[in-house]
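[1] sequence isn't available, so here's the structure alone:
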């Protein structure tokens, strides 16, 4: 008697392909096609279509163009004018790659999972305290709406593309022009969303970075600053900025590393990549200052005409069904001039609470729009000249002590107590 055919083999190829396109991750797809030859043949008959469909199950269809733009930018090795123009046009036209390799699909999935990781942590951190009062709140990530979740996730996508596109340009003039080109595609409040996730990521990596920078003997010989906990405290050039703009999967591994040695090894593996970008890459704040340096208009937002207001705030890149973000931005900036429209140090405490991420209903329930305009403009957190001098002196003593140990042939971690240094910034 002839052997019976496997049930899958009896299905039309369209049915087998339909099975594959409903899988919700790349690992499941890979397992399926190696499990039976009929599924493998079905996959080979429509490889790009199936990969695209599975990615659409992982990444929402409206974010897939951004995912493809990130993939394209990550592959650029030399940022010639043609490459810069094509990268910008890819994002602007929301192009989706029609031909994807396994490596492409895996890269997109890996980034998306890291973006989800940071989205959940950003929301949990931002909503751990009331935006208007210094009091704890009991907040679960599941308490945010789907729109709010997607808004934060989308901001991490934008941040990844922005840092890939602008973080590796050598010449200041080109970087200034390119940053302006990229940022002008977003509305003012979307740029503030970018600034919010950017500052959040800086805070997340400051602790592991400062810990290693304060204790590693070789880093001491290079006089690596280990005192920056805020973006504007990072003296330019600053090594931490080079790590700050690395890709999200790397940053996730860095902050998730359980030991000092693991964190050190991760940063060591990326040391060469950050050796040039630390002096080249600036923050959204720097890029915003590049674009506004010639427009030091002292006029406060509340005194803008409707025409001038519409011109300055720009058109949102992503349509939003809720007006919470734009109204939050508008309300908090009434008493501020143009140079403070994005990433103002006066509003850093609100960005830490993600104020431009939440729906209008949530903001209203906090009494956000009941406060007077000038109550939002807090004092800039700045160190006094004496504090800066003391901070720098302490680091110089630490560097000198570690140089002495290095000259004696020592490398690795210098333990607390064996030289003058402070602990990591928490």
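    Ah, there it is. Keep in mind that this is a model prediction, so the values were computed, not measured.
[2] low-scoring pLDDT stretches of this protein, where are they?
    1-6, 130-142, 167-176, 234-237, 272-295, 373-382, 416-426 (pLDDT under 70).
[3] does residue 351 touch residue 192 like I think?
    Yes. Counting by Cβ atoms under 8 Å, residue 351 does reach residue 192; the two are 7.1 Å apart. All C-beta spots, glycine's among them, are computed from the backbone N, C-alpha and C.
[4] now do the shared contacts for those two.
    residue 343 (Cβ atoms under 8 Å, 6 or more residues apart in numbering).
[5] any idea which helix or strand comes after the helix ranked longest in the chain?
    For the chain, the longest helix by residue count, based on DSSP state H, is helix 188-215. As assigned by DSSP states H and E, the chain's next helix or strand after helix 188-215 is helix 217-221.
[6] counting by contacts, list what that following helix packs against.
    helix 385-407 (3 or more Cβ pairs under 8 Å, 6 or more residues apart in numbering; DSSP states H and E).
[7] what inclination does the helix it packs on have with respect to helix 188-215?
    Relative orientation of helix 385-407 versus helix 188-215 (axes from the mean of the first three to the mean of the last three Cα atoms, to 10 degrees): 50 degrees.
[8] and helix 385-407, which residues are buried?
    391, 395, 398, 399, 401, 402, 403, 405 (16 or more other Cβ atoms under 10 Å).
[9] just put those in a markdown table and tack on distance to residue 16.
    Below are these laid out as a markdown table (distance: Cβ to Cβ, whole Å):
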| residue | distance to residue 16 |
| --- | --- |
| 391 | 65 |
| 395 | 63 |
| 398 | 63 |
| 399 | 64 |
| 401 | 67 |
| 402 | 62 |
| 403 | 65 |
| 405 | 64 |
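[10] between the residues you listed, which sits nearest residue 43?
    Residue 43 has its nearest neighbour among the buried residues of helix 385-407 in residue 402, at 55.2 Å by Cβ to Cβ.
[11] ok now do the closest residue to the closest one other than its chain neighbours, which residues does it touch?
    In this structure, residue 402 finds its nearest non-sequential neighbour in residue 220, 2.7 Å apart by Cβ to Cβ, 6 or more residues apart in numbering. Residues in contact with residue 220 (Cβ under 8 Å, 6+ apart) are 398, 399, 401, 402, 403, 405, 406, 414.
[12] the stretch 51-200 of the chain: strands as residue ranges?
    Assigned strands in the stretch 51-200 of the chain: none (criterion: DSSP state E, counting those that start in this stretch).
[13] got the residue ranges for the helices in it?
    Applying DSSP state H, counting those that start in this stretch to the stretch 51-200 of the chain gives helices spanning 64-74, 81-92, 102-126, 146-166, 172-183, 188-215.
[14] nearest to residue 37, out of those helices?
    Closest among the helices of the stretch 51-200 of the chain, once you apply Cβ to Cβ, is helix 102-126, at 18.2 Å.
[15] what helices and strands are in contact with that closest one?
    Here helix 102-126 touches helix 26-35, helix 47-58, helix 64-74, helix 146-166, helix 188-215, helix 248-256, going by 3+ Cβ pairs under 8 Å, 6+ apart.
[16] give me the neighbour count for the closest residue to residue 322 other than its chain neighbours.
    Spatial nearest neighbour of residue 322, excluding adjacent residues (Cβ to Cβ, 6+ apart): residue 359 at 4.6 Å. By the criterion of other Cβ atoms under 10 Å, residue 359 has 20 neighbours.
[17] also residue 303?
    Neighbours of residue 303 using other Cβ under 10 Å come to 11.
[18] cool, and residue 188?
    Neighbours of residue 188 (other Cβ under 10 Å): 23.
[19] now for the contacts of residue 220, which pair is the farthest apart?
    Going by Cβ to Cβ, the pair spanning these furthest: 398 and 406, at 12.5 Å.
[20] the stretch 251-400 of the chain: helices as residue ranges?
    According to DSSP H, counting those that start in this stretch, the stretch 251-400 of the chain carries its helices in the segments 260-269, 271-280, 284-292, 306-313, 324-332, 348-352, 360-365, 385-407.
[21] okay if I get the ones you listed as CSV plus distance to residue 159?
    Shown next, in CSV, are those (distance: least, Cβ to Cβ, whole Å):
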stretch, distance to residue 159
helix 260-269, 20
helix 271-280, 15
helix 284-292, 8
helix 306-313, 20
helix 324-332, 16
helix 348-352, 13
helix 360-365, 22
helix 385-407, 29
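[22] which one, of these, ends up nearest to residue 125?
    Across these, closest to residue 125 is helix 348-352 (Cβ to Cβ), at 7.9 Å.
[23] how far does the closest one sit from the chain's center?
    Chain-centre distance of helix 348-352: 16 Å, with Cα atoms, centre = their mean, to the nearest Å.
[24] relative to residue 82, how far out is the residue nearest to residue 315 when sequence neighbours are not counted?
    Leaving aside its chain neighbours, residue 315 sits nearest to residue 187 (6.1 Å; criterion: Cβ to Cβ, 6+ apart). Relative to residue 82, residue 187 is positioned 28 Å away (Cβ to Cβ, to the nearest Å).
[25] before we move on, what about residue 43?
    For residue 43 relative to residue 82 (Cβ to Cβ), the value is 35 Å.
[26] got it, and residue 165?
    In terms of Cβ to Cβ, residue 165 sits 14 Å off from residue 82.
[27] what's the answer for residue 212, then?
    Following Cβ to Cβ, the distance that separates residue 212 from residue 82 is 39 Å.
[28] which of the two has more neighbours?
    residue 212 (21 against 9).
[29] distance of the spatially closest residue to the more buried one that is not a sequence neighbour from residue 215?
    Among residues not flanking residue 212 along the chain, residue 264 sits closest, at 5.1 Å (Cβ to Cβ, 6+ apart). Distance of residue 264 to residue 215, computed by Cβ to Cβ: 9 Å.
[30] joint contacts of those two?
    Residues touching both residue 264 and residue 215 (Cβ under 8 Å, 6+ apart): residue 413.
[31] and those two? which has more neighbours close in?
    residue 215 (24 against 19).
[32] and for residue 81, the neighbour number?
    Neighbours of residue 81 (other Cβ under 10 Å): 8.
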